[in-house]
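Chemist: the following block contains a protein sequence and its predicted model.
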Amino acid sequence: MGWQLRLHGVGNASAVELGSAMATIERDGAPWLTIDCGGEGLTAYLAHYGKAPHALFITHTHLDHVAGFERLFVSNYFDEARRGKMKVYVPATVVPLLHQRVGDYPNTLAEGGANFWDAFQVIPVGVSFWHEGVRLEVFPTRHHWPETAYGLRLRGSVVWTGDTRPIPETLARFADAGELVAHDCALHGNPSHSGIDDLEREYPRELLERCLLYHYADRHDGETLSGRGYRVAHPGEVVALSEPTAARSEAA
């Protein structure tokens, strides 16, 4: 079956009907690496796979991208076979923000004796990291504040921008191998997110033709973007990916 991208949610923080933006890279039909963990997205993940993710990459810490962590804590911590084994790859500058958002509540368990991160294997990452013998790349995006939001690249296969304004110089480097580019895009942009007019102004046609647009406001906006000739993501959609050309270890 090769590589696929399964979209659990494609909407913005208010688009409950579309689900919180979250996706899983699948390898041979099995979940390989999941991107973000919002509330609605996690519900869709569990409904499809029937079990929690085994590995996550976190782009940033707005709650529509991390609200599922409390559920994962409960399912992981109280299962000795899973406790401390779920890999969570987090850009190093995002680690303290993630802790503030989801891990810093006083006395994680009422009876004491537990730390929130006991339930996970948190792995801080820099410009790249290895997952199951395959090298992935991490790049900064433009979302609210520098060094708080990042995108992910599986070279030759897929780029996931995460929440961002247009980043033409970054994608010229990190999407230069024919990848599918899953890109934040609504009908109208704002200081935190891209609109289609922004992308048309900033990106060459070749890049736009590789974009899969997500993080839009509602189904009407999605239909409008599609009517303008763009490929628009839908919740539950599965997209075939090219075989990665990323570096691999012998174990991969």
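Modeler: That came in fine, so what should we check first?
Chemist: residue boundaries of the strands in the protein?
Modeler: Per DSSP state E, the chain carries strands over the ranges 3-9, 22-27, 30-35, 55-57, 86-91, 120-125, 128-131, 134-140, 150-154, 158-160, 180-184, 211-214, 231-232, 238-241.
Chemist: so which of these comes closest to residue 222?
Modeler: strand 231-232 (4.8 Å; CB to CB). Just so you know, the C-beta spots here come from the backbone N, C-alpha and C atoms, and that holds for glycine as well.
Chemist: by contact count, what packs against that closest one?
Modeler: strand 211-214, helix 219-227 (3 or more CB pairs under 8 Å, 6 or more residues apart in numbering; DSSP states H and E).
Chemist: as a whole number, average confidence for that strand?
Modeler: The predicted model assigns strand 231-232 a mean pLDDT of 98.
Chemist: that one pairs with which strands, and in what direction?
Modeler: Applying DSSP bridges to the sheet, strand 231-232 is found paired with strand 211-214 (parallel).
Chemist: which residues sit against the partner strand?
Modeler: Contacts with strand 211-214, where a contact means CB atoms under 8 Å, 6 or more residues apart in numbering, come from 7, 10-11, 21, 180-185, 196, 199, 203, 222, 225, 230-233, 239.
Chemist: and what of stretch 93-103?
Modeler: Taking contacts as CB under 8 Å, 6+ apart, the residues outside stretch 93-103 that touch it are 58, 60-61, 63, 66, 69-70, 90, 116-117, 122, 124, 147-150.
Chemist: buried ones among these?
Modeler: With burial judged by 16 or more other CB atoms under 10 Å, the buried subset of the contacts of stretch 93-103 is 58, 60-61, 66, 69, 90, 116-117, 122, 148-150.
Chemist: closest to residue 189 out of those residues?
Modeler: Using CB to CB, residue 149 is the member of the buried ones among the contacts of stretch 93-103 that lies nearest residue 189, at 15.6 Å.
Chemist: ok, that closest one to residue 163 distance?
Modeler: Residue 149 is 6 Å from residue 163, where distance means CB to CB, to the nearest Å.
Chemist: now the helix ranked longest in the chain and strand 30-35, what's the angle there?
Modeler: Determined from DSSP state H, the single longest helix within the chain is helix 39-49. Calculated by axes from the mean of the first three to the mean of the last three CA atoms, to 10 degrees, helix 39-49 forms an angle of 180 degrees with strand 30-35.
Chemist: helix 39-49: how far from the chain's middle?
Modeler: Mean-position distance between helix 39-49 and its chain equals 14 Å (CA atoms, centre = their mean, to the nearest Å).
Chemist: what do you get for stretch 239-252?
Modeler: On CA atoms, centre = their mean, the centre of stretch 239-252 falls 18 Å from that of its chain.
Chemist: among the strands of the chain, which is nearest residue 170?
Modeler: strand 134-140 (5.4 Å).
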